[in-house]
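**Student:** Starting from these lines, generate the structure:
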Amino acid sequence: MEALKKPVLTAFIVGALVGGVGVGAFAESILQKVLVGGVGVIGVTAVAKPLNAAINQLMLARGLANKDKTKVVPILTLGSAQYIGAAQVSGPAGAIDAVKAVVAYKGSWNNGVWTIDALVPVDTLNPVRGVKRVYGTGVDAIVNAKL
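**Tutor:** I've put the predicted structure just below:
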C-alpha cells in the first residue's frame, strides 16, 4: 500500500495547483472542473494496477476471489455535480479490456423515497460524446481515498 501514496499525493498536489488558476470567475469554474477532473483521471490511472492488486488480495483473503479479469478504472459521476472516484470492474478479458471508466448516474424515484445509484462500465473517458455500455462486465468494488 505504501507504493500508492506517492502517485495519489502527486495527483492531489497537481489538483491543488490547478485549482489556483485564475482566468475570470466563469471561465475559471469551467476550466477548474475540466482540469481537476483530468487530474483525477490521471491520479486514478496512476494507482490503478497496484490498487487492483490490493483489492484482489483483500477479496482472496476473505474467500471472495474473482475468477474473471479485473481492473480499476475512474468513476465519472453525471448529473447536477461532477465527482471523480475509482471502481474495480470484472468480466471476460476482452470485455474488461474495452472498459475505460464507470459512469455513475444518480437519481430518485417515488418522490425521493428511493434513491438510485447506477454504476455502468463504459467504453470511454469522455461521456460528452456518448457512452456505450460494455456488456458482460460489472462493478466489484468502489474505491475511496482519504485526503
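**Student:** Which residue is the nearest non-sequential neighbour of Met59?
**Tutor:** Once flanking residues are discounted, Met59 sits nearest to Ala65: 5.5 Å by Cβ to Cβ, 6 or more residues apart in numbering. From N, CA and C alone the C-beta is placed, and that goes for glycine too.
**Student:** Equivalent analysis for Gly130, please.
**Tutor:** Thr124 (7.8 Å).
**Student:** Pull the number of nearby residues for the one you found.
**Tutor:** For Thr124, the count of nearby residues is 17 (other Cβ atoms under 10 Å).
**Student:** Low-confidence regions, this structure specifically.
**Tutor:** Scanning the chain with the threshold set as pLDDT under 70 gives 1-40, 78-83, 146-147.
**Student:** Just the helices from the chain, written as ranges.
**Tutor:** Ranges of helices in the chain, per DSSP state H, are 2-18, 25-61, 93-98.
**Student:** how far does stretch 96-110 stretch from start to finish?
**Tutor:** Length of stretch 96-110, first residue to last, Cα to Cα, to the nearest Å: 35 Å.
**Student:** re the thing from before, just read off the phi/psi values of the residue nearest to Gly130.
**Tutor:** phi -150, psi 160 (degrees, to the nearest 10).
**Student:** who's in contact with it?
**Tutor:** Lys100, Ala101, Gly130, Val131, Lys132 (Cβ atoms under 8 Å, 6 or more residues apart in numbering).
**Student:** ok, so of those, who is nearest Ile116?
**Tutor:** Checking these against Ile116 by Cβ to Cβ gives Val131 as the nearest, at 17.5 Å.
**Student:** is it true that the closest one touches Val122?
**Tutor:** Yes - contact status for Val131 versus Val122: in contact at 4.1 Å, counting by Cβ atoms under 8 Å.
**Student:** now, which of the contacts of Thr124 sits nearest Leu51?
**Tutor:** Ala101 (14.8 Å).
**Student:** circling back: pretty sure the residue nearest to Met59 is touching Asn56, no?
**Tutor:** Yes - the pair Ala65 / Asn56 is scored as a contact, 7.3 Å apart, by Cβ under 8 Å.
**Student:** what residues are up against Asp97?
**Tutor:** Lys69.
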